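Colleague: no FASTA, just this:
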């Protein structure tokens, strides 16, 4: 299959159409991704709106299950309606704890809200920056590390060539797909992901697609052997 041109000359942001096309290209070149594509089809785009609410939601997802983070975010939405920096700062720490915020994530949320209000960061401006600069801008904020910034670039900004560092689900999916004896560490996996350039975001979606699909099959008792 003819390889797609690099994203710097063609693909600046993923769409449903370009995601499917790039997933097909990766599947044609990498057997572990071919298995996912053939068994479960192309992955979802899993796109999220850009802005404060999404970045806060991703912070809530740090080191907890997606379900727990969503439950917390949903409670916040019930409490204040639209999630904005100004509204977040109207809630006291006791109420945030009741909603499900830890002390640490309360501090992160407040810092992010204040940084946006005081114009220390402009999330809209990130769209004008290359990946490395956008990521560096986000990481300057308290509570935002590599994984959080990577996921924001990948899911909200829909950048095509981002691999989230330290994502255990991605590591576990790759281990199972390759029948590896042990799960790769963060640095090792980032090195492995170099082979999926310039579509590392697409590879990540394929691996998440596999991880979630296999987990769903286990929940229903289906055979999940590779």
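Modeller: Received, thanks. Keep in mind that what you see is a predicted model, and the values were worked out from it rather than measured.
Colleague: mind checking how far the most centrally placed residue in the chain is from residue 144?
Modeller: The residue at the geometric middle of the chain, judged as the C-alpha nearest the mean C-alpha position with Cα atoms, centre = their mean, is residue 151 (2.9 Å). Taking Cβ to Cβ, to the nearest Å as the measure, residue 151 falls 10 Å from residue 144. C-betas here are computed from N, CA, C, even on glycine.
Colleague: give the contact list for the closest residue to residue 84 other than its chain neighbours.
Modeller: Computed as Cβ to Cβ, 6 or more residues apart in numbering, the closest residue to residue 84 that is not its neighbour in sequence is residue 52, at 6.4 Å. With contacts defined as Cβ atoms under 8 Å, 6 or more residues apart in numbering, residue 52 is in contact with 83-85, 88, 112-113, 116, 123.
Colleague: which two among the residues you listed are spaced furthest apart?
Modeller: The distance between the two most remote of these (Cβ to Cβ) is 14.4 Å, for 88 and 123.
Colleague: tell me which of these two has more neighbours.
Modeller: Of the pair residue 88 and residue 123, residue 88 is the one with more neighbours under other Cβ atoms under 10 Å, namely 23 against 20.
Colleague: for stretch 25-35, measure first residue to last.
Modeller: With Cα to Cα, to the nearest Å as the measure, the first residue of stretch 25-35 is 13 Å from its last.
Colleague: hang on, I meant stretch 129-144
Modeller: Stretch 129-144 has an end-to-end distance of 18 Å (Cα to Cα).
Colleague: flag the shaky bits of this structure, pLDDT-wise.
Modeller: Flagging of the chain using pLDDT under 70 yields the residue ranges 1-10, 217-226.
Colleague: show me the helices in it, by range?
Modeller: Using DSSP state H, the helices found in the chain span residues 16-29, 31-40, 52-60, 66-80, 85-88, 93-99, 103-117, 131-139, 146-151, 168-178, 186-192, 200-219.
Colleague: so which of those gets nearest residue 158?
Modeller: Residue 158 lies closest, by Cβ to Cβ, to one member of the helices of the chain: helix 200-219, at 7.8 Å.
Colleague: name the residues of that closest one that are buried.
Modeller: Neighbour counts using 16 or more other Cβ atoms under 10 Å place 200-214 of helix 200-219 among the buried residues.
Colleague: ok, stretch 49-66 next?
Modeller: Neighbour counts over stretch 49-66 (16+ other Cβ under 10 Å) mark 50, 52-62 as buried.
Colleague: next up, the contacts around the spatially closest residue to residue 189 that is not a sequence neighbour.
Modeller: Taking Cβ to Cβ, 6+ apart as the measure, residue 189 lies nearest to residue 171, with 5.4 Å between them; neighbours along the chain are not counted. Taking Cβ under 8 Å, 6+ apart as the contact definition, residue 171 lies against 183-186, 189.
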